[in-house]
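Student: I'd like to go over a predicted model; first the sequence, then the structure.
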Amino acid sequence: MTDETTLKDFISKIKNNEIDVVEYTYKLIEECKKINKEYGYFNTISEELALSQAKEIKIQLKQKNKEIKNKKLLGVAVSAKDSICVKGVETTAGSKILQGYKPLFDAFVIQKVKEEGGIIIGKTAQDEFGFGTFSMNSAFGIPKNPFDSERSCGGSSGGAAGLSRKLGNHIAIGESTGGSITTPASFCGVYGLCPTYGRVSRNGLIDFSNSMDKIGPIGKTIEDAALLMNVISGHDKNDSTSLNVKNEDYESYVKKSIKGMKIGIIKEAFGSGVEMEVEKNVYNGIEELEEEGAKVEEISLELPIKYGIATYYMIAASEASTNLAKYCGMRYGASEKLEGSFNEYFTKVRSNNFGEEAKRRIILGTFARMAGYRDAFYLKAAKVRTLMINEYKKAFKKFDALVSPAVSILPPKFSDIEKLTPLQHYIIDVMTVSPNVAGLPHLNVPVGFEKNLPIGMLLIADHLQEGKLIQIGSAVEKGK
Amino acid sequence: MEVDKKLLEHVAGLARLKLSEDELNKFLPQLKETLEFFSRLKEIDTGNVKPSFHPVELKNATREDKEEKCLSQDDALSLAEHKKNGYFKGPRAV
């Protein structure tokens, strides 16, 4: 099942009936169940949906339907982070408050995947609403690192990244608000691409921080990530923040020469606070880029590294506290016995069903927006955000991409993570929060292993330059 | 700024959360530590800088004011636990 053929080969075998799509999907679901027992990557395996999709594809192939041969993902298993709505399949975003919620519609990205013949195999484990770096803040199970089950696979799209590593012929749909695609991708040794804000529609995504949430692919290879990007990106009139720009062929950037491209090494992202093994491997990756003909130079970016955490968490918590106001036990989601006043009822539903980190962030965000504190916290962060965007924009006048470690540490043990205070936990996101604040596309590229644990390099590009990231990322892969 | 138990309870109340005594004792030092760290934003001069509420410039997206297909009443109610005569049923308002 997990033989290392490329997805392209797999898809053509499905199209030519060399692989029976129903039989294959049936076996694949069994494998998912097995993997899930050991690693906990799924909140839900959508067996019924997957098999009905496979059967439909088989019928179309039998009827020699002309269109079926053009489907970009025919028969390919696609998983979705649990915060992405799939019609009729339990969608919880890792929260008890949404336990049992079965959406009445498909998210835009799910519609696109289905249209292209992708088979939805399930909903992957995550931190509650995306609130975490290690996928440990969940009302359900905690996913385990594919290389060491005592360690975290990162978060918040932890299940997506772990499954990408373990399962063949599969691509995951992840979501990032402050690093939730690239961090788990780094900890699991896979490629995670977080697109420009607005490049992929958020319609049907359970929101955390609406000015920062982005859906993107996680795959075993850069080709897989590029293929899924081709399917899910594009304008959607049902998302008012969706960018109305031309579609691109991201696959065409794979293995394109990077000769002459300029790459900036973010000076502040190396040295103190970064584990030696991480730094060494990221530098190896940078050397590979130089060998492929890229020009590399150091650049100082003070705001993103020094002030990124505070800026990000103020904005993210503020937006989260308003977005989560809708969970009140009325129209969908958890409810309680109907008694008491409005406020008493809502308070009961919310206090009994939100997890600890969700409560902390709601309180932090409510505080930051409160009269008397709003100017000093929320508004201040929004102004620093402007300065940060300007600082990046200036850098991109000179550079095609910027580089840093994806995370400054190796995947930690669960027992060590439990000792962290919330602030110490937030600070782990230092490399990833700022490109997210600025809405910039960024990519995790695996660059090596230490102590049998994977290390990732983070590439950041200007708005809408996902193609460049794929181009540069595939140069490193080639160099391996 | 004095962040104490009373303020924490007040903020939680605004967000319609009731914290247990254990939660209050746990969250208070955590919130203090976090806010103290975030106060470093004060170091940055943002004099005439305009705030950004989005990372990219966006135009208002509107659609024509025309009726479109939407969820049926039955579908809309299908996920609610409390309902009556085709309506959502909520707690008493008065």
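Tutor: Great, that's in hand.

Student: which residue ranges form the strands in chain A?
Tutor: Assigned by DSSP state E, the strands in chain A fall at A:42-45, A:77-81, A:119-124, A:144-145, A:148-152, A:170-176, A:191-194, A:214-219, A:262-266, A:295-299, A:401-405, A:442-450, A:453-460.

Student: Go through those and pick out the most buried.
Tutor: Among those, strand A:191-194 has the highest mean neighbour count (mean count of other Cβ atoms under 10 Å in any protein chain shown), at a mean of 33. The C-beta positions use only the backbone N, C-alpha and C, and glycine is treated the same way.

Student: So is that one next to chain B?
Tutor: No - judged by Cβ under 8 Å from any Cβ of the partner chain, strand A:191-194 makes no contact with chain B; its nearest approach is 12.0 Å.

Student: Closest to the centroid, which residue in chain B?
Tutor: B:A15 (7.0 Å; Cα atoms, centre = their mean).

Student: my guess is that one meets A:R360, correct?
Tutor: No - B:A15 lies out of contact with A:R360 (Cβ atoms under 8 Å); the separation is 10.9 Å.

Student: So, low pLDDT: which residues of the stretch 251-400 of chain A?
Tutor: Within the stretch 251-400 of chain A, no range satisfies pLDDT under 70.

Student: Mind telling me which residue of it is nearest chain B?
Tutor: Distances between the stretch 251-400 of chain A and chain B by Cβ to the nearest Cβ are smallest at A:A382, namely 3.3 Å.

Student: residue contacts, that residue?
Tutor: A:315, B:51-53 (Cβ atoms under 8 Å, 6 or more residues apart in numbering or on different chains).

Student: buried ones in the biggest helix by length in chain B?
Tutor: Longest helix of chain B, by residue count under DSSP state H: helix B:21-38. For helix B:21-38, the neighbour count (16 or more other Cβ atoms under 10 Å in any protein chain shown) marks B:23, B:27-28, B:31-32, B:34-35, B:37-38 as buried.

Student: Can you tell me what sits against it?
Tutor: Helix B:21-38 is contacted by residues A:309-310, A:313-314, A:356, A:359-360, A:363-364, A:367, A:377, A:421-423, A:426, B:1, B:3-5, B:8-9, B:19 when judged by Cβ under 8 Å, 6+ apart.

Student: Buried only: go through these for me.
Tutor: Neighbour counting over the contacts of helix B:21-38 (16+ other Cβ under 10 Å) leaves A:309-310, A:313-314, A:359-360, A:363-364, A:367, A:377, A:422-423, A:426, B:3, B:8-9, B:19 as the buried ones.

Student: got a list of what the residue nearest to the centre of chain B touches?
Tutor: Applying Cβ under 8 Å, 6+ apart to B:A15 gives the contacts A:321, A:325, A:350, A:362-363, A:366.

Student: one more time with 10 Å
Tutor: Residues in contact with B:A15 (Cβ atoms under 10 Å, 6 or more residues apart in numbering or on different chains) are A:321-322, A:324-325, A:346-347, A:350, A:354, A:359, A:362-367.

Student: what about the next helix-or-strand element following the longest helix of chain B, average pLDDT?
Tutor: On the C-terminal side of helix B:21-38, the closest following helix or strand by DSSP states H and E is helix B:73-77. Here helix B:73-77 scores 95 as its mean pLDDT.

Student: So which bits of helix B:73-77 are buried?
Tutor: Under the neighbour-count criterion of 16+ other Cβ under 10 Å, helix B:73-77 has B:76-77 buried.

Student: Pull up the residues of the stretch 51-200 of chain A that are close to chain B.
Tutor: Residues of the stretch 51-200 of chain A lying close to chain B (Cβ under 10 Å from any Cβ of the partner chain) are A:100-105, A:196-199.

Student: And the residue nearest to the centre of chain B, how far from A:A376?
Tutor: Distance of B:A15 to A:A376, given as Cβ to Cβ, to the nearest Å: 19 Å.

Student: do the same with A:K13
Tutor: A:K13 sits 60 Å away from A:A376 when distances are taken as Cβ to Cβ.

Student: got the contact list for the closest residue to chain A within chain B?
Tutor: Closest contact between chain B and chain A, by Cβ to the nearest Cβ, is at B:P55 (2.5 Å). If you count contacts by Cβ under 10 Å, 6+ apart, B:P55 has them with A:196-198, A:211-212, A:214, A:241, A:385-386, A:388-389, A:392, A:435-440, A:463.

Student: how many neighbours does the closest residue to it other than its chain neighbours have?
Tutor: Computed as Cβ to Cβ, 6 or more residues apart in numbering or on different chains, the closest residue to B:P55 that is not its neighbour in sequence is A:G439, at 2.5 Å. A:G439 has 24 neighbouring residues, counting by other Cβ atoms under 10 Å in any protein chain shown.

Student: Same check on A:Y24?
Tutor: 19.

Student: ok, for it, nearest residue in space, not its chain neighbours?
Tutor: Ranked by Cβ to Cβ, 6+ apart and with sequence neighbours excluded, the top spatial neighbour of A:Y24 is A:G75, at 6.9 Å.

Student: For the one you found, give me its contacts.
Tutor: A:7, A:10-11, A:13-15, A:19-22, A:24-25, A:28, A:53-54, A:57-58, A:61, A:117-119, A:169.

Student: go with 7 Å
Tutor: Counting by Cβ atoms under 7 Å, 6 or more residues apart in numbering or on different chains, A:G75 makes contact with A:11, A:14, A:21, A:24, A:57, A:117, A:119.

Student: Now for the closest residue to the fifth one other than its chain neighbours: which residues touch it?
Tutor: When you say that, I think you mean A:I57. Nearest residue to A:I57 in three dimensions, chain neighbours excluded: A:V21, at 5.0 Å (Cβ to Cβ, 6+ apart). By Cβ under 7 Å, 6+ apart, the contact list for A:V21 reads A:14, A:54, A:57-58, A:75.

Student: Can you tell me which residue of chain A sits closest to chain B?
Tutor: Counting by Cβ to the nearest Cβ, chain A gets nearest chain B through A:G439, at 2.5 Å.

Student: Check what pLDDT that residue gets.
Tutor: pLDDT, read off for A:G439, is 98.

Student: A:Q53 versus that one, what's the distance?
Tutor: Taking Cβ to Cβ, one finds A:G439 at 33 Å from A:Q53.
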